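Novice: Please work out how this folds:
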Amino acid sequence: MSERKIRVLVAKPGLDGHDRGAKVVARALRDAGMEVIYTGLRQTPEMVAEAALQEDVDVIGLSILSGAHMALVPRVLELLKANGQEHVKVFVGGIIPDEDVPRLMETGVTGVFGPGTLTGDIIRDVRQAVIGTPAP
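Specialist: This is a model prediction of the structure:
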């Protein structure tokens, strides 16, 4: 019996209209054997949390280039908690100033990826967060 694939929701919350990076990451995760759901552009935190609940995901990847990460990410985490989904790992990618990374991690974010992060590193970190050890 095969084990269940890691389910990842990739979301673009806020008004940011640039999704090339999110699509590259989504494709890399899919190519690595994960099930990926991409929500598309301009999602509200409520839409992201609802999609995560409906899709029964293990991981949410939020791609934010607009600078609104300190408003959007805590709201998504708050909604996940309200839905009883504290087990869902949340990763953030995009333009995140170094000084905001510790604050995001304190709110419950599992990892933050900036521009130039190798997709292999993202795959490894997602696997490690969900199953405890990275696959080869």
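Novice: C-alpha only now, for contacts and for neighbours.
Specialist: Will do.
Novice: what sits against R7?
Specialist: Counting by Cα atoms under 8 Å, 6 or more residues apart in numbering, R7 touches M34, E35, V36, I37, D56, V57, D58, V59.
Novice: Just the buried residues of these.
Specialist: By neighbour count, with 16 or more other Cα atoms under 10 Å, those hold M34, E35, V36, I37, V57, D58, V59 as buried.
Novice: isn't the fourth one right up against L9?
Specialist: Which is I37. Yes: with contacts counted by Cα atoms under 8 Å, I37 reaches L9, the gap being 4.8 Å.
Novice: show me the contacts for the closest residue to K89 other than its chain neighbours.
Specialist: Spatial nearest neighbour of K89, chain neighbours left out: V59 (4.6 Å); criterion: Cα to Cα, 6 or more residues apart in numbering. Applying Cα under 8 Å, 6+ apart to V59 gives the contacts I6, R7, V8, L9, V88, K89, V90, F91, V126, V130.
Novice: Take those and lay them out in a markdown table including distance to E99, secondary structure and pLDDT.
Specialist: Below are the contacts of V59 laid out as a markdown table (distance: Cα to Cα, whole Å; DSSP: H, G, I helix; E, B strand; the rest coil; pLDDT from 0 to 100):
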| residue | distance to E99 | secondary structure | pLDDT |
| --- | --- | --- | --- |
| I6 | 30 | coil | 98 |
| R7 | 30 | strand | 98 |
| V8 | 27 | strand | 98 |
| L9 | 26 | strand | 98 |
| V88 | 24 | coil | 98 |
| K89 | 21 | strand | 98 |
| V90 | 19 | strand | 98 |
| F91 | 17 | strand | 98 |
| V126 | 23 | helix | 98 |
| V130 | 26 | helix | 96 |
